[in-house]
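Enquirer: prediction below, plus the sequence it came from.
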Amino acid sequence: MMKVLLLGLALLRVDSLMYPAAISPQDPTLLIGSSLTASCSVAADSSLRAEDLYWTLNGRRLPAETYEVRSARTLSVTISSLNGSQQQSGDNLVCHSKDGGILAGSCLYVGLPPEKPTNISCWSKNMKDLTCKWAPGTEGETYLHTNYTLKYKLRESESTSDATFRARVVTTDPPSNVHVSRVGDLEDQLSVRWSAPPALKDFLFQAKYQIQYRVEDSSEWKVVDNVGNQTSCRLAGLRPGTVYFVQVRCNPFGIYGSKKAGIWSDWSSPTAASTPRNGRAAAVCEPKNGEHNNTLRRELKQFFGWMRKHGSSYGCANLSIKMYDQWRVSLQKSHKTRNQVLSGDKS
């Protein structure tokens, strides 16, 4: 017991040597425009007295008329109309001995209280991790370091006893396994295929996809919006003999039956492919799943006319998209021949 008591006295002695004075209040947080009265008290065993002390704020000596002797060993200072802290670590208020030695210090944090953040949005990429972002509620500088605390809770499912997590907004990683390839010898088309984002493979959901593409020597991307929920698409009307870079992104919705729209994922990494030589204009995603238009009907009418003429060599059982592609190639060749004849006539 005696050893413990002696150790305690020794520690007190070390503290009085390391910190010969104490400032009160210590490291306060204050509102801009407010005033502060701080006191510096030297240790009882010190030879220093109140009249031996002076104050500085950020290295600048404070005027003597702001001091007040509170006792033989205590000197206070009053600072009025405080400005915002000049540094995130706080303003340094220091008590000195008359020879300039530092006796004690305190950090003043002067600023404005932060307001509630705004524009809070949260999303999940895999229904396990949650990402949130927000805008600071206060416009301009608060002069104070601000800590934010995010709270979340699980909402109980109405149909089961399991807890079901519901983010305000759902997004996902970009689609994976994006492949771009030629469509046979068709000079104006490329085929794009991809897989649904892997993080959502175990969840029932729907998705909208977008494709963007650009030619190799351009920085301008063109967007194809009418892709829907399909995971493949043909780009038609491209330039022949041209390298194209293609990206795909996903917008999931319908997670756990939610009617909230998701937000678009990042674009997938660019994938490149080139078209064969010679072709046409702006790319569109070719109609699919019964989406008919006048252009498609006209092409089908021409295609079946071609089939009546050439189909006997293939047989009805062999009717396929490959035959349609062969017809498109022959159509392009006939257009090329006609253009060559017309240009020859002009000469």
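Expert: Arrived safely.
Enquirer: and the host helix or strand of Thr37, what does it pack onto?
Expert: If you go by DSSP states H and E, Thr37 is part of strand 36-42. Where contact means 3 or more CB pairs under 8 Å, 6 or more residues apart in numbering; DSSP states H and E, strand 36-42 is packed against strand 21-24, strand 53-57, strand 74-79, strand 102-111. (C-beta placed from N, C-alpha, C; glycine too.)
Enquirer: if you set the cut-off to 10 Å instead, what comes out?
Expert: In terms of contacts (3 or more CB pairs under 10 Å, 6 or more residues apart in numbering; DSSP states H and E), strand 36-42 is packed against strand 21-24, strand 53-57, strand 67-71, strand 74-79, strand 91-97, strand 102-111.
Enquirer: can you get me a residue count around Ala236?
Expert: 20 (other CB atoms under 10 Å).
Enquirer: Thr275 versus that one, what's the distance?
Expert: 10 Å (CB to CB, to the nearest Å).
Enquirer: next, show the common contact partners of the two.
Expert: Here Ala236 and Thr275 have 183, 186, 188-190 as joint contacts, going by CB atoms under 10 Å, 6 or more residues apart in numbering.
Enquirer: got CSV for the helices and strands packed on strand 36-42, with distance to Cys122 and mean pLDDT too?
Expert: Below are the helices and strands packed on strand 36-42 laid out as CSV (distance: least, CB to CB, whole Å; pLDDT from 0 to 100):
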stretch, distance to Cys122, mean pLDDT
strand 21-24, 43, 94
strand 53-57, 43, 96
strand 67-71, 53, 95
strand 74-79, 43, 96
strand 91-97, 37, 94
strand 102-111, 28, 93
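Enquirer: okay, these in a markdown table with distance to Asn147 and mean neighbour count next?
Expert: Output for the helices and strands packed on strand 36-42, formatted as a markdown table (distance: least, CB to CB, whole Å; neighbours: other CB atoms under 10 Å):
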| stretch | distance to Asn147 | mean neighbour count |
| --- | --- | --- |
| strand 21-24 | 25 | 19 |
| strand 53-57 | 26 | 20 |
| strand 67-71 | 35 | 14 |
| strand 74-79 | 26 | 20 |
| strand 91-97 | 20 | 20 |
| strand 102-111 | 13 | 18 |
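Enquirer: looking at Ser258 now. What's its pLDDT?
Expert: Here the pLDDT value assigned to Ser258 is 58.
Enquirer: can you check Val178 too?
Expert: For Val178, the predicted pLDDT is 94.
Enquirer: burial count for Asn119?
Expert: Residues near Asn119, counting by other CB under 10 Å: 9.
Enquirer: now for it: which residues touch it?
Expert: 133-137.
Enquirer: mean confidence score for stretch 186-198?
Expert: 89.
Enquirer: what about dumping the CA coordinates of the helix or strand hosting Arg234 to CSV?
Expert: Assessed by DSSP H and E, Arg234 sits inside strand 232-236. Backbone C-alpha positions of strand 232-236 (Å, rounded to 0.1, in the frame of the first residue of the first chain) are rendered in CSV as follows:
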residue,chain,number,x,y,z
SER,A,232,-28.3,-8.6,-76.6
CYS,A,233,-28.7,-6.0,-79.3
ARG,A,234,-27.7,-5.3,-82.9
LEU,A,235,-26.3,-2.0,-83.8
ALA,A,236,-27.3,-1.2,-87.4
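Enquirer: tell me what that strand is packed against?
Expert: strand 190-195, strand 206-215, strand 222-228, strand 243-253, strand 284-285.
Enquirer: orientation of that strand relative to strand 206-215 in degrees?
Expert: 30 degrees (axes from the mean of the first three to the mean of the last three CA atoms, to 10 degrees).
Enquirer: touching, Asp91 and Ser106? I think so.
Expert: Yes. Asp91 lies in contact with Ser106 (CB atoms under 10 Å); the separation is 9.3 Å.
Enquirer: burial of Ser41, as a residue count?
Expert: The burial count for Ser41: 21, using other CB under 10 Å.
Enquirer: gap between it and Ser106?
Expert: For Ser41, the distance to Ser106 - CB to CB - is 12 Å.
Enquirer: quick check: neighbours shared by the two?
Expert: With CB under 10 Å, 6+ apart, Ser41 and Ser106 have common neighbours 22-24, 95.
Enquirer: just put the residues you listed in JSON lines and tack on distance to Thr74.
Expert: Shown next, in JSON lines, are the shared contacts of Ser41 and Ser106 (distance: CB to CB, whole Å):
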{"residue": "Ala22", "distance to Thr74": "10"}
{"residue": "Ile23", "distance to Thr74": "11"}
{"residue": "Ser24", "distance to Thr74": "9"}
{"residue": "Cys95", "distance to Thr74": "10"}
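Enquirer: can you list the domains in the protein?
Expert: Under the assignment automatic domain parsing, the domains of the chain span 2-111, 171-285, 299-339.
Enquirer: report the buried residues of stretch 225-240.
Expert: Within stretch 225-240, the residues that count as buried by 16 or more other CB atoms under 10 Å are 227, 231, 233-236, 238-239.
Enquirer: now for those residues: which two are most distant?
Expert: Greatest spatial distance among the buried residues of stretch 225-240 (CB to CB): Thr231 and Arg239, at 25.3 Å.
Enquirer: distance check, the closest residue to Tyr213 other than its chain neighbours against Cys40.
Expert: Using CB to CB, 6 or more residues apart in numbering and skipping residues adjacent in sequence, the residue nearest Tyr213 is Val246, 4.7 Å away. For Val246, the distance to Cys40 equals 71 Å [CB to CB].
Enquirer: having no further points to raise, I will conclude here.
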